[in-house]
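K.L.:
no sequence on this one, just coordinates:
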């Protein structure tokens with residue numbers, strides 16, 4: 001039997017340990033409460049910041065507003081709650097209203113067009129540059145460093161300035177800026193875009209091609225050899241300038257192949273695929289103009305890696321783009337059509353088994369003027385300005 005003194009000693013020790021445990025628990029609980037309060041405050045501040053961003057206004061300039069991509073930017077911004085156009089340029093249309101150049105925009109309350117040399121950049125926070133390649137580098141080089149810029153030309157898309165000179169026939173005159181430029185394929189470079197000052201907006205063909213191929217190459221699901229790409233575009237992809245090859249009688253009632261083996265989007269496509277593969281990728285790419293105003297389809301023929309099936313390709317792309325707003329994998333066996341993305345920022349795609357064993361066919365469709373140009377540019381600027389990425393871009397496709 002325990003003595004009374006032993007029992008009392010045991011009780012004293014037990015009480016002491018219980019008190020210590022209670023003190024530790026109390027301290028831990030206070031720390032948890034403090035951490036919870038701090039987290040709650042941080043979350044509240046983030047929500048408040050996002051709410052404030054919803055109503056924040058940014059002044060936007062459009063350089064080259066008289067072209068197709070410029071007019072499409074204006075159309076998309078008409079219902080944008082955060083961006084207000086305060087300056088537009090068009091050298092050959094300077095002094096005119098946008099409604100006189102594009103009657104479908106006649107109801108828009110916008111400033112008259114001015115020449116680039118007369119533009120006041122102190123009145124803008126961001127710029128969409130819709131000028132032809134070759135003229136953009138010099139102009140952007142002279143813009144205030146405080147401006148956020150999305151360039152829709154090809155002038156900053158190629159990281160290798162030597163390759164730019166080879167394919168575009170003139171030297172790069174803003175090589176320091178080229179180092180700063182971020183290639184803006186939104187779904188694949190979101191974090192880099194958010195922190196960028198200058199975005200090189202991708203070309204239309206490269207957008208429709210890289211969206212399906214880059215995830216598959218990175219996952220080693222397809223071989224990087226023998227990739228064959230057959231792409232077709234609406235005539236607006238060739239621009240608004242008067243060209244004999246784009247006359248109605250040259251384009252209507254037929255298919256117009258062009259740039260065979262030497263289209264200027266080739267190095268841009270191969271740059272993106274090579275970066276994904278971490279080795280040089282060469283593709284066979286042939287573009288065609290179709291007798292329609294807008295829309296683009298890329299039909300891509302690939303060789304699958306050993307042991308990989310078309311179901312594997314389908315599942316990987318479905319998982320990769322599952323939470324994306326604008327890139328959509330259709331249900332199996334459904335064929336994407338350009339008429340189902342007309343006027344929208346969507347990219348529809350699907351994968352099919354080829355009759356040749358071990359090969360697959362991928363079909364990707366976009367609107368060349370929206371996801372292939374101005375829509376993606378707006379998507380990028382939304383990210384750069386810290387507002388929801390889909391703002392101003394939830395237009396339902398126009399059908400029929």
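P.N.:
Looks like it arrived, so ask away. Remember, it's a predicted structure, so these values are computed and weren't measured experimentally.

K.L.:
where do the helices sit along the stretch 101-250 of the chain?
P.N.:
Here the stretch 101-250 of the chain has its helices, by DSSP state H, counting those that start in this stretch, at 136-141, 161-168, 175-180, 190-194, 204-218, 248-251.

K.L.:
which parts of the helix or strand containing residue 297 are buried?
P.N.:
Here residue 297 sits within strand 296-303, counting by DSSP states H and E. Within strand 296-303, the residues that qualify as buried are 296, 297, 298, 299, 300, 301, 302, 303, counting by 16 or more other C-beta atoms under 10 Å. In this view, the C-beta of every residue, glycine as well, is placed from N, C-alpha and C.

K.L.:
most tightly packed of the helices of the stretch 101-250 of the chain?
P.N.:
Among these, helix 204-218 has the highest mean neighbour count (mean count of other C-beta atoms under 10 Å), at a mean of 25.

K.L.:
now for it, which elements pack on it?
P.N.:
In terms of contacts (3 or more C-beta pairs under 8 Å, 6 or more residues apart in numbering; DSSP states H and E), helix 204-218 is packed against strand 228-234, helix 266-277, strand 284-290, strand 296-303, helix 310-320, strand 347-353, strand 359-366.

K.L.:
out of those, nearest to residue 328?
P.N.:
strand 347-353 (5.3 Å; C-beta to C-beta).

K.L.:
export the helices and strands packed on helix 204-218 as CSV, with columns for mean pLDDT and distance to residue 217.
P.N.:
CSV is the format used below for the helices and strands packed on helix 204-218 (pLDDT from 0 to 100; distance: least, C-beta to C-beta, whole Å):
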stretch, mean pLDDT, distance to residue 217
strand 228-234, 98, 13
helix 266-277, 98, 4
strand 284-290, 97, 15
strand 296-303, 98, 9
helix 310-320, 98, 11
strand 347-353, 98, 14
strand 359-366, 98, 12
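
K.L.:
now render the ones you listed as TSV, adding distance to residue 204.
P.N.:
As requested, those are exported to TSV (distance: least, C-beta to C-beta, whole Å):
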stretch	distance to residue 204
strand 228-234	7
helix 266-277	11
strand 284-290	10
strand 296-303	6
helix 310-320	20
strand 347-353	11
strand 359-366	7
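
K.L.:
that older thread, closest to residue 211 among the buried residues of strand 296-303?
P.N.:
residue 298 (9.2 Å).

K.L.:
got a list of what that closest one touches?
P.N.:
205, 208, 209, 229, 230, 231, 232, 362, 363, 364, 365 (C-beta atoms under 8 Å, 6 or more residues apart in numbering).

K.L.:
can you pick the most crowded of those?
P.N.:
Across those, neighbour numbers were computed from other C-beta atoms under 10 Å; residue 208 holds the maximum, 30 neighbours.

K.L.:
show me the contacts for that residue.
P.N.:
Taking C-beta under 8 Å, 6+ apart, one finds 231, 296, 297, 298, 347, 364, 365, 366, 372 in contact with residue 208.

K.L.:
could you list the low-confidence segments of this protein?
P.N.:
1-40, 43-54 (pLDDT under 70).

K.L.:
can you pull out the strands in it?
P.N.:
58-63, 83-89, 126-129, 148-151, 182-183, 198-200, 228-234, 256-257, 284-290, 296-303, 327-329, 347-353, 359-366 (DSSP state E).

K.L.:
what comes into contact with the second one?
P.N.:
What that stands for is strand 83-89. Residues from elsewhere that reach strand 83-89, judged by C-beta under 8 Å, 6+ apart: 57-65, 70, 74, 77, 98, 110-116, 119-121, 123-124, 126, 381, 392.

K.L.:
how far does that strand sit from the chain's center?
P.N.:
21 Å (C-alpha atoms, centre = their mean, to the nearest Å).

K.L.:
and for the third one?
P.N.:
Between the mean C-alpha location of strand 126-129 and the chain-wide mean there is a distance of 15 Å, by C-alpha atoms, centre = their mean.

K.L.:
which strands border it, and is each parallel or antiparallel?
P.N.:
Strand 126-129 sits in its sheet next to strand 58-63 (parallel), strand 148-151 (parallel), going by DSSP bridges.

K.L.:
can you lay out these as JSON lines showing mean neighbour count?
P.N.:
Formatted as JSON lines, the strands paired with strand 126-129 follow (neighbours: other C-beta atoms under 10 Å):
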{"stretch": "strand 58-63", "mean neighbour count": "23"}
{"stretch": "strand 148-151", "mean neighbour count": "24"}
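
K.L.:
can you check which of these gets nearest to residue 290?
P.N.:
With C-beta to C-beta as the yardstick, what comes closest out of these is strand 148-151 (26.8 Å).

K.L.:
could you check how far the closest one is from the centre of its chain?
P.N.:
Relative to its chain's centre, strand 148-151 lies at 13 Å (C-alpha atoms, centre = their mean).

K.L.:
just the residues contacting it, thanks.
P.N.:
125-129, 136, 140, 143, 181, 184, 197-201, 377, 380-381, 384-385.

K.L.:
mind redoing it with 10 Å?
P.N.:
58, 60-61, 63, 73, 124-131, 133, 136-137, 139-140, 143, 156-157, 177, 181, 184, 193, 196-201, 374, 376-381, 384-385 (C-beta atoms under 10 Å, 6 or more residues apart in numbering).

K.L.:
re earlier: got a markdown table for the strands paired with strand 126-129, with distance to residue 222 too?
P.N.:
Output for these, formatted as a markdown table (distance: least, C-beta to C-beta, whole Å):
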| stretch | distance to residue 222 |
| --- | --- |
| strand 58-63 | 39 |
| strand 148-151 | 31 |
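
K.L.:
dump the helices of the stretch 101-250 of the chain to JSON lines, plus distance to residue 356.
P.N.:
Formatted as JSON lines, those follow (distance: least, C-beta to C-beta, whole Å):
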{"stretch": "helix 136-141", "distance to residue 356": "43"}
{"stretch": "helix 161-168", "distance to residue 356": "32"}
{"stretch": "helix 175-180", "distance to residue 356": "41"}
{"stretch": "helix 190-194", "distance to residue 356": "36"}
{"stretch": "helix 204-218", "distance to residue 356": "18"}
{"stretch": "helix 248-251", "distance to residue 356": "33"}
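
K.L.:
for these, which one sits closest to residue 287?
P.N.:
Of all those, helix 204-218 comes closest under C-beta to C-beta, at 6.1 Å.
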